[in-house]
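Undergrad: Sharing a sequence plus its predicted fold:
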Amino acid sequence: MWPFSSPYPVVRLDELQAEYDYIVVGGGTTGCVLANRLSADPSTTVLLLERGPAEDSWASRIPLFSANFSQGSPLARKFESESQDVVGKPIDIYQGNGMGGTSRINHMFYTRGPPGQYDAWERDGATGWGSRSLLPYFVKSEKAEYGAEPDLDAHGKTGEWINRENNFFFYSGFQQSVEACESLGLPFIPDLNDPTNVPVGWARVPVTRDSNGHRHSTFRAFLPPALAEARRNNLHVCPHVTVERLCIEGEADDLVVRSVSVIPTNGDGNDGRRAVSVGVRREVVLCAGAFGSPQILMLSGIGPAEHLKEHGIPVLKDLPVGNNLQDHFGVFVKYFVPLRDSLSRVSRQPLYFITEFFRYLLFGTGVLLCPVVQMAIFACTALLDNSGAPIRDEKPKADAVPDIEIMPIAFAQGRAEKDAKRGGLSLLTVLLTPESKGTVRLASTDPRVAPKIDMNYLSSPSDRTRIRTALRLTTRIASRLRSQGYDLSEAEAPPLDASDDVLDKHIADQGCTTYHYASTCAMGNVVGVDLTVKGARNLRVADASAFPEVPATHLQAPAVVFAEKCADMIIKGGKRP
């Protein structure tokens with residue numbers, strides 16, 4: 001167990017070497033993995049640049065506290081999207097800010113995604129990215145600590161990154177949801193991450209949490225202080241800095257990154273601290289996320305030509321950088337439930353919170369483990385009828401890709417949050433396979449200014465139709481909960497027989513982001529199957545921005561697999577998988 005605070009071995013901007021073998025831009029979910037793998041060879045020098053802090057406070061390791069990122073956490077960076085037609089206003093967007101990135105602030109779900117989707121990527125030209133090719137990379141980094149011995153063909157036991165299942169449901173609403181699912185014909189998925197299981201039904205959701213009850217981010221898993229200290233001769237971690245641009249030259253028919261221009265994140269540009277240019281001998285890997293990686297490429301002259309010209313940036317390569325932005329659009333459906341079945345009890349009953357606080361400190365159990373989501377429901381709209389009910393005589397296949405996820409959450413904002421005597425239960429209804437695509441564009445040539453983000457949610461008619469169908473399944477599940485005798489009543493929820501117009505109004509009122517931003521440097525469009533930027537020789541992208549499309553799952557496990565495979569390709573010295 002780490003102490004309440006841990007000094008981390010870092011270097012300052014003015015202490016950087018003139019040149020490194022590899023420069024990893026972004027110390028987030030994937031950057032920590034790349035820095036670990038590339039620096040394993042002591043003869044190789046690696047520089048990891050991170051916009052945010054490298055501190056690892058005690059509170060940031062407590063699952064419940066660290067997941068409350070919207071309350072001004074220094075580990076979260078807030079953006080505001082362009083106004084979205086579907087909800088009639090901008091949407092608040094959050095990304096991780098600091099070592100470990102979003103794996104420091106998310107709900108810790110370790111879900112790999114349906115194998116059928118990866119296989120479809122490979123059929124579409126992403127050679128080497130099918131489910132069988134990716135499985136060894138999932139296994140490599142994983143340390144599965146399940147109550148029952150996991151299938152060692154599907155899981156790793158010796159990797160750095162711990163995940164575990166909750167052995168029991170903390171709130172009775174979850175068990176009630178299980179019974180409702182099974183009565184509707186949505187069966188139990190015994191292991192959500194075993195590729196041999198059909199990925200449709202309900203499942204317990206594994207989380208990245210260690211045996212002490214601490215969040216196990218990629219920062220703690222892959223770059224803990226002891227490892228960073230042991231490698232400080234060849235691995236330099238430099239926090240609180242922003243990449244101004246990549247300095248790129250043409251060589252024959254290729255673009256080659258010669259150096260990276262770095263400035264202090266919080267400097268005003270006129271404080272006497274000039275940009276530092278750091279040379280690179282081998283490769284630069286961008287791991288700055290779905291907003292940061294395209295922003296850096298565009299500032300460096302790689303992106304949509306007309307857009308770059310608008311900002312006076314010389315065009316080195318005309319590529320659709322920043323296009324293809326995707327997210328899993330979600331809609332909250334909210335109900336009143338008994339206070340004992342809701343996280344609201346923590347704020348309503350101070351003695352309960354104090355008891356739970358000491359329960360966590362002494363035993364590593366209780367509500368501070370953040371068990372507000374312990375199960376998820378996956379379905380295919382093609383296998384639902386017009387009322388949202390599963391079609392009994394149509395069974396999904398093993399290669400199915402569910403396009404709906406419904407997450408029972410033992411908390412609800414709005415009316416349910418304001419009721420002093422009752423708690424809230426949300427059924428967050430999520431579209432997993434959106435067709436709609438948004439954009440990321442430069443707002444300024446200052447790299448510290450957030451880009452313009454247009455999510456363009458539900459612009460595809462298919463997305464609108466499928467989210468309505470998903471909501472009909474959600475209200476059907478809620479109806480089953482009531483018929484089972486569970487004390488549940490509507491707070492902000494459409495009725496079971498809601499019309500399209502009623503559902504659209506509810507979508508406008510309760511639509512939200514699920515923080516799964518992806519595909520702005522998509523494989524096939526911006527990068528090749530080796531993750532190298534098209535037309536460049538030594539520049540790769542290894543984060544969620546490189547996904548060909550947003551995976552039909554939570555993103556941290558697939559993101560780490562992209563980092564693992566990227567590191568392997570680099571170390572083996574070949575660009576092709």
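TA: That came in fine, so what should we check first? Everything numeric here is computed off the predicted structure, so don't read it as measured data. Numbers count the residues shown, from 1 in each chain.
Undergrad: What about E394, how many residues nearby?
TA: For E394, the neighbour count with other C-beta atoms under 10 Å is 12. (C-beta placed from N, C-alpha, C; glycine too.)
Undergrad: List the buried residues of the longest helix anywhere in the chain.
TA: Longest helix in the chain, counting residues (DSSP state H): helix 461-483. Buried residues in helix 461-483, counted by 16 or more other C-beta atoms under 10 Å: 463-464, 466-478, 480-482.
Undergrad: So which other helices or strands are in contact with that helix?
TA: Contact here means 3 or more C-beta pairs under 8 Å, 6 or more residues apart in numbering; DSSP states H and E; on that basis helix 461-483 packs against helix 172-184, strand 330-331, strand 375-379, strand 404-409, strand 422-431, helix 500-510.
Undergrad: wait, which of these is closest to G322?
TA: strand 422-431 (21.9 Å; C-beta to C-beta).
Undergrad: what are the C-alpha coordinates of that closest one, in CSV please?
TA: Coordinates of the C-alpha atoms in strand 422-431 are reproduced here as CSV (Å, rounded to 0.1, in the frame of the first residue of the first chain):
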residue,chain,number,x,y,z
ARG,A,422,-35.9,8.4,-1.4
GLY,A,423,-32.9,7.4,-3.4
GLY,A,424,-32.4,7.2,-7.1
LEU,A,425,-31.7,4.5,-9.7
SER,A,426,-30.7,5.4,-13.2
LEU,A,427,-30.8,3.1,-16.2
LEU,A,428,-28.2,4.7,-18.5
THR,A,429,-29.1,3.7,-22.0
VAL,A,430,-26.2,3.8,-24.4
LEU,A,431,-25.8,3.5,-28.2
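Undergrad: what helices or strands is it leaning on?
TA: Right, strand 422-431 is packed against strand 330-331, strand 334-338, strand 404-409, helix 415-418, helix 461-483 by 3+ C-beta pairs under 8 Å, 6+ apart.
Undergrad: Name the residues that touch the very next helix or strand once past that strand?
TA: The helix or strand immediately downstream of strand 422-431 is strand 439-441, counting by DSSP states H and E. Applying C-beta atoms under 8 Å, 6 or more residues apart in numbering, the contact partners of strand 439-441 are 290-291, 294-295, 298, 307, 322-323, 325, 451-454, 456, 520.
Undergrad: Adjacent strands (with direction) for the helix or strand following strand 439-441?
TA: Using DSSP H and E, the helix or strand that directly follows strand 439-441 along the chain is strand 452-454. Paired strands of strand 452-454, with direction, are strand 439-441 (antiparallel) (DSSP bridges).
Undergrad: Now do the helices in the stretch 251-400 of the chain.
TA: 289-299, 305-310, 345-348, 350-363 (DSSP state H, counting those that start in this stretch).
Undergrad: could I have the last one exported to CSV, CA atoms only?
TA: What follows is the C-alpha trace of helix 350-363 in CSV, where atoms were taken according to Å, rounded to 0.1, in the frame of the first residue of the first chain:
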residue,chain,number,x,y,z
PRO,A,350,-23.6,11.6,7.7
LEU,A,351,-23.2,8.8,10.2
TYR,A,352,-23.6,6.3,7.3
PHE,A,353,-20.8,8.1,5.4
ILE,A,354,-18.5,8.1,8.5
THR,A,355,-19.1,4.4,9.0
GLU,A,356,-18.4,3.6,5.4
PHE,A,357,-15.3,5.8,5.4
PHE,A,358,-13.8,3.8,8.3
ARG,A,359,-15.0,0.6,6.8
TYR,A,360,-12.9,1.4,3.7
LEU,A,361,-9.9,2.5,5.8
LEU,A,362,-9.9,-0.6,8.0
PHE,A,363,-11.1,-3.3,5.6
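Undergrad: can you pull the buried residues of that helix?
TA: Residues of helix 350-363 classed as buried: 356-357, 360 (neighbour count, 16+ other C-beta under 10 Å).
Undergrad: Tabulate those (TSV), appending pLDDT and distance to S217.
TA: Below are the buried residues of helix 350-363 laid out as TSV (pLDDT from 0 to 100; distance: C-beta to C-beta, whole Å):
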residue	pLDDT	distance to S217
E356	95	22
F357	95	22
Y360	94	18
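Undergrad: in the chain, what spans have low per-residue confidence?
TA: 1-6, 147-152, 267-273, 574-577 (pLDDT under 70).
Undergrad: residue with max distance from the center of it?
TA: Distance to the chain centre peaks in the chain at A252, reaching 37.9 Å (criterion: C-alpha atoms, centre = their mean).
Undergrad: ok, it to K317 distance?
TA: Distance of A252 to K317, given as C-beta to C-beta, to the nearest Å: 14 Å.
Undergrad: which ones are touching the residue farthest from the centre of the chain?
TA: Here A252 is in contact with no residue (C-beta under 8 Å, 6+ apart).
Undergrad: Likewise for S217?
TA: Contacts of S217 (C-beta under 8 Å, 6+ apart): 29, 100, 103-104, 208.
Undergrad: Got phi/psi on it?
TA: Dihedral pair for S217: phi -70, psi 170, per degrees, to the nearest 10.
Undergrad: One more: K397?
TA: Per degrees, to the nearest 10, the backbone of K397 is at phi -100, psi 170.
Undergrad: same check, this time on P90
TA: Dihedral angles (degrees, to the nearest 10) for P90: phi -70, psi 160.
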